[in-house]
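**Student:** generate coordinates for the sequence data below:
(2 chains)
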2 protein chains.
Amino acid sequence: MLYEMTVPQFSRTLTNLEKILDKGAALADAKKVEMSVLLNSRLAPDQFPLLKQVQMVTDTAKLCCVRLTGKEAPAHDDKETSLPELKKRIADVQTYLKSLSAADFKGTEEKKITTPRWENKWMSGTDFVHSHALPNLYFHVTTAYAILRHNGVEVGKKDYLGELPFKH
Amino acid sequence: MLYEMTVPQFSRTLTNLEKILDKGAALADAKKVEMSVLLNSRLAPDQFPLLKQVQMVTDTAKLCCVRLTGKEAPAHDDKETSLPELKKRIADVQTYLKSLSAADFKGTEEKKITTPRWENKWMSGTDFVHSHALPNLYFHVTTAYAILRHNGVEVGKKDYLGELPFKH
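**Tutor:** Residues are numbered from 1 along each chain as shown, chains lettered A, B, ... in the order given. Below is the predicted model of the structure:
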């Protein structure tokens, strides 16, 4: 079931990302620097900065579901410059994810998925989730985390994994 | 099917990681520095260095399959110090992954998975793959990638995603 593989984990990951960003904001506050310094930080000169990494996490989650289900999602014009604006974007995507149900994903395993970049090539819905959407999502969250960690923010694996679905 | 969600993607990811490490070795060579400089690099003083990140990628892939299937895997004593030794470890895990079949994963969706760290708590096999194994795998690969990128290695998203299962 592609719903189970995507929506709950996308939602959990966005929640974790928001908490990691809050830890960044707390450090900026403590060090008396603008949060924009962190949002514009990167680990290499030709890497996207933290702000863009956050936009890419939300886009990966949103567009994966749009491509699979065809359900329209909120548009974002990539004009965010501040943490509150990024949080608004995360909240928008969380609301969109909540609007989706397992039924919306019925039969999407075999659906042909393509993007304008892929020049007529395609993947099955299952391959798209396994080899593209999930690796991309975690790539951009981990990069955001790494940029903050490199800047002294005390984040750890627990912040990244978030609350796990343990049973007793 | 948990086999499809794990083994093929684990194997592809290990292949990608090996190529990323080779790009690191090429930069070390060009700059006339020892590869051990890169293998001991990190983005924060209390972060595991590149070498340990590679060990953790292989362990995440291997232990996920061991926990799900109960099939014995090669033991590693974490004594690698060089790239050839790390490649041997990656190759060991690739061989182990190749030895597994979809049948080995039958019924593992509902299997109770636990680790010594979890103090009697557990997750279903499905939850374990979604919320623990996959996020951890991509976390450590992306961190390895980020350490190399920060050190000037020219790696990009294509190196991370690897060869995608496109159809025409």
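
**Student:** counting contacts, what elements does the longest helix seen in chain A pack onto?
**Tutor:** Using DSSP state H, we find that the single longest helix of chain A is helix A:2-31. Here helix A:2-31 is seen to pack against helix A:35-39, helix A:50-69, helix A:83-98, helix A:134-150, helix A:157-161 when contacts are counted using 3 or more Cβ pairs under 8 Å, 6 or more residues apart in numbering or on different chains; DSSP states H and E. Placement of C-beta: from N, CA and C, glycine included.

**Student:** list the buried residues for that helix?
**Tutor:** Neighbour-count burial for helix A:2-31, counted by 16 or more other Cβ atoms under 10 Å in any protein chain shown, picks out A:2-3, A:5-7, A:9-14, A:16-18, A:20-21, A:23-25, A:27-28.

**Student:** dump the residue contacts of the residue nearest the centre of chain A.
**Tutor:** For chain A, the residue nearest the mean C-alpha position is A:V57 (2.4 Å; Cα atoms, centre = their mean). Contacts for A:V57 were tallied using Cβ atoms under 8 Å, 6 or more residues apart in numbering or on different chains; they are A:T13, A:L14, A:L17, A:L137, A:H140, A:V141, A:A144.

**Student:** I'd say the second one and A:D59 touch.
**Tutor:** Which is A:L14. No. With contact defined as Cβ atoms under 8 Å, A:L14 and A:D59 do not form a contacting pair (11.6 Å).

**Student:** pull up the overlap in contacts between the two.
**Tutor:** Common contact partners of A:L14 and A:D59 (Cβ under 8 Å, 6+ apart): none.

**Student:** returning to what we had before: need the contacts of A:V57 in a markdown table (columns: distance to B:Y96 and pLDDT).
**Tutor:** Below are the contacts of A:V57 laid out as a markdown table (distance: Cβ to Cβ, whole Å; pLDDT from 0 to 100):
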| residue | distance to B:Y96 | pLDDT |
| --- | --- | --- |
| A:T13 | 28 | 98 |
| A:L14 | 34 | 98 |
| A:L17 | 33 | 98 |
| A:L137 | 27 | 98 |
| A:H140 | 30 | 98 |
| A:V141 | 28 | 98 |
| A:A144 | 32 | 98 |
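
**Student:** closest one of those to A:H130?
**Tutor:** A:L137 (11.9 Å; Cβ to Cβ).

**Student:** please name the nearest non-neighbouring residue to the closest one.
**Tutor:** Counting by Cβ to Cβ, 6 or more residues apart in numbering or on different chains, A:T60 is the residue found nearest to A:L137 once chain neighbours are left out, at 4.6 Å.

**Student:** how many neighbours does that neighbour have?
**Tutor:** Each residue near A:T60 was counted by other Cβ atoms under 10 Å in any protein chain shown, and the total is 23.

**Student:** now do the contacts for it.
**Tutor:** A:T60 touches A:A133, A:N136, A:L137, A:H140, counting by Cβ under 8 Å, 6+ apart.

**Student:** repeat for A:E80
**Tutor:** By Cβ under 8 Å, 6+ apart, the contact set of A:E80 is A:L51, A:Q55, A:L86, A:K88, A:R89.

**Student:** got the residues of chain A near chain B?
**Tutor:** Residues of chain A that fall close to chain B, judged by Cβ under 8 Å from any Cβ of the partner chain: A:4-5, A:8-9, A:12-13, A:43-44, A:47, A:118, A:120-124, A:126-127, A:130-132, A:134-136, A:138-139, A:142-143, A:146, A:149-150, A:152, A:157, A:160-161, A:164-168.

**Student:** the same query, at a cut-off of 7 Å, please.
**Tutor:** Proximity of chain A to chain B is assessed by Cβ under 7 Å from any Cβ of the partner chain, with A:5, A:9, A:12, A:43-44, A:47, A:118, A:121-123, A:127, A:130-132, A:134-135, A:138-139, A:142-143, A:146, A:149-150, A:160-161, A:164-168 identified as the residues in range.

**Student:** please check these and keep the buried ones.
**Tutor:** Among the residues of chain A next to chain B, those scoring as buried are A:5, A:9, A:12, A:43, A:47, A:123, A:127, A:130-132, A:134-135, A:138-139, A:142-143, A:146, A:149-150, A:160-161, A:165 (criterion: 16+ other Cβ under 10 Å).

**Student:** most packed of the helices and strands packed on helix A:2-31?
**Tutor:** Of the helices and strands packed on helix A:2-31, the one with the most neighbours on average (mean count of other Cβ atoms under 10 Å in any protein chain shown) is helix A:134-150, at a mean of 25.

**Student:** which other helices and strands does it contact?
**Tutor:** Counting contacts by 3 or more Cβ pairs under 7 Å, 6 or more residues apart in numbering or on different chains; DSSP states H and E, helix A:134-150 packs against helix A:2-31, helix A:50-69, helix B:134-150.

**Student:** name the surrounding residues that touch it.
**Tutor:** Counting by Cβ atoms under 7 Å, 6 or more residues apart in numbering or on different chains, helix A:134-150 makes contact with A:10, A:13, A:17, A:20, A:24, A:38, A:41-43, A:50, A:53-54, A:56-57, A:60-61, A:155, A:160, B:43-44, B:47, B:134-135, B:138-139, B:142-143, B:146, B:160-161, all of which sit outside it.

**Student:** kindly export that helix (C-alpha atoms) in CSV.
**Tutor:** Extracted in CSV, the C-alpha atoms of helix A:134-150 (Å, rounded to 0.1, in the frame of the first residue of the first chain):
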residue,chain,number,x,y,z
LEU,A,134,11.7,8.5,-0.1
PRO,A,135,15.4,8.9,-0.9
ASN,A,136,14.9,12.5,-1.9
LEU,A,137,12.8,13.3,1.2
TYR,A,138,15.4,12.0,3.6
PHE,A,139,18.2,13.5,1.6
HIS,A,140,16.9,17.1,2.0
VAL,A,141,15.9,16.6,5.7
THR,A,142,19.3,15.2,6.5
THR,A,143,21.0,18.0,4.6
ALA,A,144,19.0,20.6,6.5
TYR,A,145,19.9,18.8,9.7
ALA,A,146,23.6,18.6,8.7
ILE,A,147,23.7,22.4,7.9
LEU,A,148,22.3,23.2,11.4
ARG,A,149,24.6,20.6,13.1
HIS,A,150,27.6,22.1,11.4
